[in-house]
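[1] Can you look at this prediction? I've put the sequence above it.
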Amino acid sequence: MKRLNNKGLTLIELIVSVALMSVVMLFLYRLLSNVTYDKDNEYFASQNQEQRIEIIDYIETIIRKADISSDPTFSQSTDHATIQFKQASISKTYSILIYANYIQIKDSTSILRTWDIETGVYSYTNASCIKAATISGSGDIYHPWLCTIPVYTINDDNNANNNNTIDDITLAFLARG
């Protein structure tokens with residue numbers, strides 16, 4: 001009758017099994033972390049897009065109703081940027097305040113709306129407001145304006161040096177000159 005070897009595992013067998021388990025665990029970790037990272041990026045992009053659409057819609061609705069009487073003013077300070085415009089009929093002033101963590105629109109008397117950002121920052125230092133060519137028609141002269149507020153999210157390479165413009169907020173409107 002043949003005797004069985006009851007000594008257990010040798011050191012080499014133990015090292016080989018730990019090495020194989022490490023390779024399998026590393027593969028599973030990489031697979032799951034990539035899936036989670038892609039899902040987070042999709043979540044941030046969709047959340048920012050919904051908020052961006054809401055901001056643009058809200059501000060452009062106010063601008064359309066305001067019938068802007070003169071060119072807007074754009075200024076920057078140490079902690080925010082401001083786009084300011086005046087309503088023609090009642091001389092009401094509207095301000096769009098851009099801070100790193102939120103955007104706020106207010107009129108002469110009160111704050112109308114505030115939007116916070118959780119997955120990035122609004123770049124008030126790189127915000128801009130430029131006037132395009134003059135348009136004239138029906139006795140009035142209009143100046144088209146394009147204001148851009150860069151949004152830097154925690155998506156892949158979305159920063160001041162490499163901006164993903166899909167997340168940016170762009171306002172386009174006419175001011176009567």
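    It's in. What you see is a predicted model, and the numbers here were worked out from it, not measured in a lab.

[2] Every contact and neighbour count from this point should use C-alpha atoms.
    OK.

[3] quick one, what contacts the residue positioned nearest the centre of the chain?
    The residue lying closest to the centre of the chain (CA atoms, centre = their mean) is Val151, at 3.4 Å. By CA atoms under 8 Å, 6 or more residues apart in numbering, Val151 lies in contact with Gly120, Val121, Tyr122, Ser123, Thr165, Asp167, Asp168, Ile169.

[4] residue ranges of the helices in this protein, please?
    Ranges of helices within the chain are 11-66, based on DSSP state H.

[5] so where's it uncertain?
    Across the chain, the ranges flagged by pLDDT under 70 are 1-8, 33-47, 69, 89, 134-140, 154-160, 164, 176-177.

[6] Distance from the chain centre to the strand ranked longest in the chain, please.
    Ranked by residue count under DSSP state E, the longest strand found in the chain is strand 140-149. Centroid displacement of strand 140-149 relative to its chain, using CA atoms, centre = their mean, to the nearest Å, is 22 Å.

[7] Buried only: go through the contacts of Val151 for me.
    Gly120, Val121, Tyr122, Ser123, Asp167, Asp168, Ile169 (16 or more other CA atoms under 10 Å).

[8] which among those gets closest to Tyr102?
    Tyr122 (7.0 Å; CA to CA).

[9] what's near enough to touch that closest one?
    Counting by CA under 8 Å, 6+ apart, Tyr122 touches Ile98, Tyr99, Ala100, Asn101, Tyr102, Ile103, Ile149, Pro150, Val151, Tyr152.

[10] What residues does the nearest residue to Ser123 once chain neighbours are set aside make contact with?
    Leaving aside its chain neighbours, Ser123 sits nearest to Pro150 (5.3 Å; criterion: CA to CA, 6 or more residues apart in numbering). Contact partners of Pro150, counting by CA under 8 Å, 6+ apart, are Tyr122, Ser123, Tyr124, Asn126, Ala127, Asn163, Thr165, Asp167, Asp168, Ile169.

[11] does Thr148 have beta-bridge partners, and which?
    Beta-bridge partners recorded for Thr148 (DSSP bridges): Ser128, Thr170.

[12] mind putting the contacts of Pro150 in TSV, distance to Tyr94 included?
    Formatted as TSV, these follow (distance: CA to CA, whole Å):
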residue	distance to Tyr94
Tyr122	20
Ser123	20
Tyr124	18
Asn126	21
Ala127	18
Asn163	28
Thr165	26
Asp167	24
Asp168	21
Ile169	18
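
[13] In strands only, show me the contacts of Val151.
    Counting by DSSP E, those place Gly120, Val121, Tyr122, Ile169 in strands.

[14] Great, nothing more from me.
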